[in-house]
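Peer 1: predicted structure and sequence below. I'll ask about it afterward.
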Amino acid sequence: MIKVAVTGAMGRMGKEVVKAVLGDLETDLTAAIDKFGEGQEITENIKIETDIKKALETKKADVVVDFTQPSVIFENAKTYIKLGIKSVIGTTGLNDEQVKELEKLSVEHKVGCIIAPNFALGAVLMMMFAKTASKYFNNAEIIELHHNQKKDAPSGTAIKTAKMMAEVNSDFQTGNIDDVELEKGARGASYPSNLNIHSIRIPGFVASQEVIFGSNGQILTIRHDTTNRECFMSGVLLAVKHVYKNNDFVFGLENIL
């Protein structure tokens, strides 16, 4: 059995991860960690703890799954690696420099780490399809839509999608005239290869993203909609089982499918 600890266990995603770990025949919940709900019983012999380092060292977790907050994820991830505990990072908000530093630490300490902006297999396929389509269209934009409690914008999924698309196309505004924004931000945020990302935050959404491609006489839209958080769990468990068996550093679930 893989001994799994969950940080952010009281959050929306954390609660789903706890259920998924408890329900899988190959995983065993060994610790539940959150800054809220200290002492609350999650299941038999498992109560919420607030001290990450103490909980992980005491409970001897093989893998920790992190769904916490963008403000703490970098320090959390460094802690996991330095403790020699393999990790699956679902919290978004890490910048390129932080990802590179975590990769360096992972390699130096020979401790596996998986960072994935999205664990829904359909969303990962959406990103892969968008990359493929980018070879054939010179104009594209991304719209991502999330619930109004999501703190970071653009989403990690949108940023990852943009980077994947930019790998195969150097300019997504070919032929466009120069923009004149009458209101700052009207055209969204500009990412690699002049790819604009628009973020929407409104109640009713869980997570959705569409990548719109255009050329003369045609529009191609690749869209993925998440209607509940259960859809992420197959990807989370896939990542847990991969990192348990391997000591590699992985950025993006598409790299282990």
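Peer 2: Sure, I can see it. Not measured: the values here are computed from a predicted model.

Peer 1: spell out the residue ranges of the helices in the chain.
Peer 2: Counting by DSSP state H, the chain has helices at residues 12-23, 52-59, 73-82, 96-109, 121-133, 156-166, 233-245.

Peer 1: give the buried residues for the fourth one.
Peer 2: Which is helix 96-109. Buried positions in helix 96-109, judged by neighbour count with 16 or more other C-beta atoms under 10 Å: 98-99, 102-103, 105-106. Using the backbone N, CA and C atoms, a C-beta is placed for each residue, glycine as well.

Peer 1: coming back round to it: deepest in the core, which of the helices of the chain is it.
Peer 2: Ranked by mean neighbour count, the helices of the chain are led by helix 156-166 with a mean of 23 (mean count of other C-beta atoms under 10 Å).

Peer 1: what helices or strands is it leaning on?
Peer 2: Applying 3 or more C-beta pairs under 8 Å, 6 or more residues apart in numbering; DSSP states H and E, one finds that helix 156-166 makes contact with helix 121-133, strand 140-146, strand 189-191, strand 195-201, strand 207-215.

Peer 1: run the chain-centre distance for the fourth one.
Peer 2: Offset of strand 195-201 from its chain centre (C-alpha atoms, centre = their mean, to the nearest Å): 17 Å.

Peer 1: contact partners of it?
Peer 2: Outside strand 195-201, the residues within contact range by C-beta atoms under 8 Å, 6 or more residues apart in numbering are 140-148, 150, 153-155, 158-159, 162, 165-166, 172-173, 187-191.

Peer 1: pull that strand out as CSV, backbone CA atoms only.
Peer 2: Extracted C-alpha coordinates of strand 195-201, given in CSV (Å, rounded to 0.1, in the frame of the first residue of the first chain):
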residue,chain,number,x,y,z
LEU,A,195,-1.2,34.3,-27.4
ASN,A,196,-3.9,36.2,-25.4
ILE,A,197,-5.5,34.6,-22.4
HIS,A,198,-8.8,35.8,-21.0
SER,A,199,-9.9,34.9,-17.4
ILE,A,200,-13.5,34.8,-16.2
ARG,A,201,-14.4,34.3,-12.5
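
Peer 1: out of the helices and strands in this protein, which is least certain?
Peer 2: Taking mean pLDDT, DSSP states H and E as the measure, the chain has strand 41-43 as its least confident helix or strand, at a mean of 89.

Peer 1: show me what that strand is packed up against.
Peer 2: Strand 41-43 is packed against helix 12-23, strand 27-33, with contacts defined by 3+ C-beta pairs under 8 Å, 6+ apart.

Peer 1: tabulate the ones you listed (TSV), appending distance to residue 53 and mean pLDDT.
Peer 2: What follows is the helices and strands packed on strand 41-43, written out as TSV (distance: least, C-beta to C-beta, whole Å; pLDDT from 0 to 100):
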stretch	distance to residue 53	mean pLDDT
helix 12-23	18	95
strand 27-33	10	96
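
Peer 1: of all those, which lies closest to residue 50?
Peer 2: Proximity to residue 50, assessed across the helices and strands packed on strand 41-43 by C-beta to C-beta, is greatest for strand 27-33 (7.0 Å).

Peer 1: that closest one: partners in the sheet, and parallel or antiparallel?
Peer 2: Sheet neighbours of strand 27-33, with direction, are listed as strand 2-7 (parallel), strand 46-49 (parallel) (DSSP bridges).
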